[in-house]
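Asker: this one's structure only:
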Ligand SMILES: Cc1ncc(COP(=O)(O)O)c(C=O)c1O
């Protein structure tokens, strides 16, 4: 079966080079040398400052909310954050987990990112933040969102889990917002098996987050605030360093696969409208069908050909009973009709493309 995604595994020789060092030092976690090295190399690679490695992308979001003080109640009542329903569940569940009510605003029908014009009507006295998602690595309308946040004195945390390496007007997209979070889950373009990072705009927020990810401990005998354990360990960092060494190969391979798909499928399906000022990282191959029935029939045909696409993001999150049900018709309709096709660095796309063109797709 061709899976929708496959983790990139660097060569054992390359990985062992880093792991040998761990065995020599016997330093496994708590801000070890490989975590420090990966932090530095990622800041250089991405072109950002104030990057903090954490144990996964969900905790990256939770720590970002707390470092920015969003979770604290306002006028004795729970606070709200305006967010998109068209995303992986962690964007919203992380808010709820921190006692912040996610308030859904609908997406743009072409870019599939939070539509800025739906943000203002959703603002209430309890709103403290906007949590947009650069969904499938496509840059949000960051300038419009920034403007709204300034006018209403709101924090912005971008869930950039899919946006590793994306540039906006030639600079890292992660520079937008008070913080941007990344997921380094095994299935991502860049990964550390499990892992994540937060890129803060301000150094003081980074410093606070450093305390939060390590139980609030500030010295051998001092615990100054409430914290949690969200540290990345040395084995995760070893994998990250070995994968980072191969980014050129990974990016080129993904671009090749993606362009092959586009050449074959454009005109047959709706594709995501990319932000004209942003680069692509070829993280996903989402295509949209005219109806859910057509999508389901194609999934069956592809499975019979040993190809395993995935329906995401489905369902639209306002449909889940853990969240409040606000009408988001654009997201609701898109989520029912969208399918992600397999993409990973080593995928030889010829057979799958011909299966899609000749038999899988009509
Ligand atoms: C948009 C989005 N946000 C957050 C996450 C959570 O990241 P993690 O799985 O590293 O906790 C994911 C994971 O795939 C995601 O796709």
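Answerer: Now that the structure is in, tell me what you want to look at. Predicted model, so just to flag it, every value in this text is computed and none were measured. Numbering: from 1, shown residues only.

Asker: so how far does stretch 44-64 reach from one end to the other?
Answerer: 21 Å (Cα to Cα, to the nearest Å).

Asker: could you give the mean pLDDT of it?
Answerer: Stretch 44-64 shows a mean pLDDT of 98.

Asker: so how far is it from its chain's centroid?
Answerer: 11 Å (Cα atoms, centre = their mean, to the nearest Å).

Asker: For the host helix or strand of residue 293, what is the distance to the chain centroid?
Answerer: In the assignment (DSSP states H and E), residue 293 maps to helix 292-304. Offset of helix 292-304 from its chain centre (Cα atoms, centre = their mean): 27 Å.

Asker: I'd like the secondary structure assignment at the closest residue to residue 120 other than its chain neighbours, please.
Answerer: Using Cβ to Cβ, 6 or more residues apart in numbering and skipping the chain neighbours, the partner closest in space to residue 120 is residue 148 (6.2 Å). (Each C-beta comes from the backbone N, C-alpha and C, glycine too.) Three-state call for residue 148 (DSSP: H, G, I helix; E, B strand; the rest coil): helix.

Asker: From the ligand, how far off is residue 148?
Answerer: 21 Å (Cβ to the nearest ligand atom, to the nearest Å).

Asker: Tell me, what's the model's pLDDT at residue 263?
Answerer: Value for residue 263, per-residue pLDDT: 87.

Asker: And residue 335, by the same measure?
Answerer: Per the predicted model, pLDDT is 98 at residue 335.

Asker: Also residue 355?
Answerer: For residue 355, the predicted pLDDT is 66.

Asker: picking that back up, can you count the residues close to the residue nearest to residue 120?
Answerer: Neighbourhood size, residue 148 [other Cβ atoms under 10 Å]: 18.

Asker: Skipping its backbone neighbours, what lies nearest residue 68 in space?
Answerer: Using Cβ to Cβ, 6+ apart, the closest residue to residue 68 is residue 155 (5.0 Å).

Asker: go on, residue 236?
Answerer: For residue 236, the closest residue by Cβ to Cβ, 6+ apart turns out to be residue 192, at 4.2 Å.

Asker: can you map out the helices along the stretch 151-300 of the chain?
Answerer: All helices of the stretch 151-300 of the chain, identified by DSSP state H, counting those that start in this stretch, fall at 203-212, 234-245, 247-265, 292-304.

Asker: Please list the outside residues in contact with the longest one.
Answerer: Outside helix 247-265, the residues within contact range by Cβ atoms under 8 Å, 6 or more residues apart in numbering are 8, 45, 165, 189-190, 243, 271, 280-283, 285, 287, 341, 343-347, 349-350, 353, 356-357, 361.

Asker: need the contact list for the residue nearest to residue 120.
Answerer: By Cβ under 8 Å, 6+ apart, the neighbours of residue 148 are 116, 119, 120, 130, 154.

Asker: ok, residue 300 - how many residues close by?
Answerer: The number of residues packed near residue 300 is 10, by other Cβ under 10 Å.

Asker: Tell me how far it lies from residue 294.
Answerer: 11 Å (Cβ to Cβ, to the nearest Å).

Asker: overlap in contacts of the two?
Answerer: With Cβ under 8 Å, 6+ apart, residue 300 and residue 294 have no common neighbours.

Asker: Disregarding residues adjacent in the polypeptide, which is nearest to the closest residue to the ligand within the stretch 1-150 of the chain?
Answerer: Nearest residue of the stretch 1-150 of the chain to the ligand: residue 57, at 2.6 Å (Cβ to the nearest ligand atom). Closest residue in space to residue 57, ignoring its immediate chain neighbours: residue 183 at 2.7 Å, by Cβ to Cβ, 6+ apart.
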